[in-house]
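Enquirer: sequence and predicted structure are below.
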Amino acid sequence: MTEKEKCAQGLLYNANYDQELINERIRCKDLCFDYNQTRNADMEKRNTLIRAIIGSTKNNFLIEPNFWCDYGYNIEIGENFYSNHNLVILDCARVSFGDNVFIGPNCNFYTAGHPIDAHTRNEGLEYAKPISVGNNVWFGGNVVVLPGVNIGDNAVIGAGSVVTKDIPANVIAVGNPCKVLKPIEN
């Protein structure tokens, strides 16, 4: 089984020394670099580049530079997606965003995790767990979402939150670790 296949199955895998994964990251990061250097007025070139990076997009989206990811092909964004500056998505596993997702500046989504055991970790092994974000979700600035987290529809994640566990639909959640503050009422 290849390291990429191990990763896809959620097993420990070695991304540091596997040439296939290294080459895929180099390709993706070169495209991210090009995207980040493209003039804001050149929307056609920006959209072409982001579509070459991200696995699946809808028609209406905007990701403000700077944007970085590991592979790109594991990312799926819905319709009417907006991210402010400095979005980082470590997409070793799938990261999916529903429709009408708004992300504040300096937000990070991490699917990669590392073993607690130092010996295993020092061998360069890691694992990846997917992240799923529903529709109509708003992230304040400086939010971090960790591996394996699911965020329900209509949730609001407060600025500076570190989301370590699933967040249900229709709530405001804040803090480190992020916890439900209150339900959203109409």
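Expert: Perfect, I can see it now.

Enquirer: summarise which helices and strands the worst-scoring helix or strand of the chain on mean pLDDT is packed against.
Expert: Least confident helix or strand, the chain: helix 118-122 with a mean of 92, by mean pLDDT, DSSP states H and E. With contacts taken as 3 or more C-beta pairs under 8 Å, 6 or more residues apart in numbering; DSSP states H and E, helix 118-122 sits against no other helix or strand. For the C-beta atoms, the positions are set from N, CA and C on the backbone; glycine is no exception.

Enquirer: which helix runs longest in the chain?
Expert: helix 19-37 (DSSP state H).

Enquirer: flag every buried residue along that helix.
Expert: For helix 19-37, a neighbour-count test (16 or more other C-beta atoms under 10 Å) marks 21, 24-25, 28-29, 31-32, 35 as buried.

Enquirer: would CSV of the residues you listed with pLDDT be doable?
Expert: CSV is the format used below for those (pLDDT from 0 to 100):
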residue, pLDDT
21, 96
24, 97
25, 97
28, 98
29, 98
31, 98
32, 98
35, 98
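
Enquirer: closest one of these to residue 110?
Expert: Set against residue 110, the nearest of the buried residues of helix 19-37 by C-beta to C-beta is residue 25 (14.8 Å).

Enquirer: mind listing the helices for the chain?
Expert: Assignment of helices within the chain using DSSP H yields the ranges 3-8, 19-37, 43-53, 118-122.

Enquirer: who are the packing partners of the third one?
Expert: Right, helix 43-53. If you count contacts as 3+ C-beta pairs under 8 Å, 6+ apart, helix 43-53 packs onto helix 19-37.

Enquirer: okay, the angle between the helix it packs on and helix 43-53?
Expert: 160 degrees (axes from the mean of the first three to the mean of the last three C-alpha atoms, to 10 degrees).

Enquirer: so how far is stretch 35-55 off the chain centroid?
Expert: 18 Å (C-alpha atoms, centre = their mean, to the nearest Å).

Enquirer: show residues contacting that stretch.
Expert: Stretch 35-55 is contacted by residues 28, 31-32, 34, 57, 61, 63, 65-69, 72-77 when judged by C-beta atoms under 8 Å, 6 or more residues apart in numbering.

Enquirer: ok, stretch 67-79 next?
Expert: Against stretch 67-79 from outside (C-beta under 8 Å, 6+ apart): 24-25, 28-29, 31-32, 35-36, 50, 53-61, 83, 86-101, 111-112, 135.

Enquirer: at 7 Å what do you get?
Expert: 24-25, 28, 32, 35-36, 53-61, 87-99, 101, 135 (C-beta atoms under 7 Å, 6 or more residues apart in numbering).

Enquirer: measure that stretch end to end?
Expert: End-to-end distance of stretch 67-79 (C-alpha to C-alpha, to the nearest Å): 18 Å.

Enquirer: buried residues of it, list them for me.
Expert: In terms of neighbour count (16+ other C-beta under 10 Å), stretch 67-79 has its buried residues at 67-72, 74-78.
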